[in-house]
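>>> next come a sequence and a model predicted from it.
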Amino acid sequence: MTSTGDKAKGLANEAVGNVKQGVGKMTGDKEMQADGIVQERKGEAQQAVGKAKDAVKNLVDKA
């Protein structure tokens, strides 16, 4: 996957995770809240991978 794809998927996972957390909090569903936290962290990791790919590409391009 490209760095842009990683970042986009990460952003989407973060958004969905935040929604799940909110719905879980409003409904008192602790499991949904936990799932939302996990999905948000997954999104953050995906974005970090995308940023790392960009950094490596930039280093290679400068070499």
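It's in.
>>> now residue 33: closest residue in space, sequence neighbours ignored.
residue 24 (3.4 Å; CB to CB, 6 or more residues apart in numbering). Where you see a C-beta, it was placed from the backbone N, CA and C, and this is true even at glycine.
>>> that neighbour: neighbour count?
Other residues lying near residue 24 total 18 when counted by other CB atoms under 10 Å.
>>> number the residues from 19 up from this point.
That works, and once the first residue is 19, the last one we named lands at residue 42.
>>> doesn't residue 48 make contact with it?
Yes. Under the criterion of CB atoms under 8 Å, residue 42 makes contact with residue 48 at 6.8 Å.
>>> for the residue most central in space within the chain, give its distance to residue 48.
For the chain, the residue sitting closest to the mean C-alpha position, by CA atoms, centre = their mean, is residue 61 at 1.1 Å. In this view, residue 61 and residue 48 are 20 Å apart by CB to CB, to the nearest Å.
>>> list the helices and strands the host helix or strand of residue 70 packs on?
Element membership for residue 70 (DSSP states H and E) is helix 48-80. Helices and strands touching helix 48-80, by 3 or more CB pairs under 8 Å, 6 or more residues apart in numbering; DSSP states H and E, are helix 21-45.
>>> if we can go back for a sec, next up, the contacts around the residue nearest to residue 51.
48-54 (CB atoms under 8 Å, 6 or more residues apart in numbering).
>>> and residue 54, by the same measure?
Counted by CB under 8 Å, 6+ apart, residue 54 has contacts 34-42.
>>> if we go to 7 Å?
Applying CB atoms under 7 Å, 6 or more residues apart in numbering, we find residue 54 in contact with 35-36, 38-39, 42.
>>> buried ones among those?
35, 38-39, 42 (16 or more other CB atoms under 10 Å).
>>> list the buried residues in stretch 65-72.
Buried-residue list, stretch 65-72, by 16+ other CB under 10 Å: 65, 68, 71.
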